[in-house]
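Asks: let's see this in three dimensions:
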Amino acid sequence: MGSTVGPCLNHSSQVPPGASLFRYCDIRCKGGFLYAEATSANMTFTFITGKGDQLYTATVFPRHN
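Replies: Below you'll find the model as predicted:
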């Protein structure tokens, strides 16, 4: 999935400190992309700039009851 860059910070005060691990806003860039890979063991999200540079990776593990 792709998106355009939005430099707006109108709601940034509503995000708890330390909760936002990823914010990329370079108005010279053409947005960014998310690559997601799901397996039975985990799901990995990789955030990529419009130029193809990897910015951040997060791994999420299954919830257990």
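Asks: show me where this structure has helices.
Replies: Shown for the chain, no helices are assigned by DSSP state H.
Asks: contacts only, for the residue of the chain positioned farthest from its centre.
Replies: Within the chain, residue 65 marks the point farthest from the mean C-alpha position, 27.0 Å out by CA atoms, centre = their mean. Contacts for residue 65 (CB atoms under 8 Å, 6 or more residues apart in numbering) come out as none. (C-beta placed from N, C-alpha, C; glycine too.)
Asks: please apply the same query to residue 46.
Replies: Contacts of residue 46 (CB under 8 Å, 6+ apart): 34, 35, 36, 37, 54, 56, 57.
Asks: 7 Å instead, please
Replies: Taking CB atoms under 7 Å, 6 or more residues apart in numbering, we find residue 46 in contact with 35, 54, 57.
Asks: hang on, isn't the first one packed against residue 48?
Replies: Yes. The pair residue 35 and residue 48 qualifies as a contact (CB atoms under 7 Å) at a distance of 6.2 Å.
Asks: between the two, which one's more packed in?
Replies: Each of residue 35 and residue 48 has its neighbours counted (other CB atoms under 10 Å); residue 48 has more, 17 against 12.
Asks: please tell me the pLDDT value assigned to that one.
Replies: Residue 48 is assigned a pLDDT of 87 by the prediction.
Asks: please tell me how far it sits from residue 40.
Replies: In this view, residue 48 and residue 40 are 24 Å apart by CB to CB, to the nearest Å.
Asks: count the neighbours of the closest residue to residue 62 other than its chain neighbours for me.
Replies: Counting by CB to CB, 6 or more residues apart in numbering, residue 62 lies nearest to residue 42, which is 7.3 Å off, once chain neighbours are set aside. Using other CB under 10 Å, residue 42 has 11 neighbouring residues.
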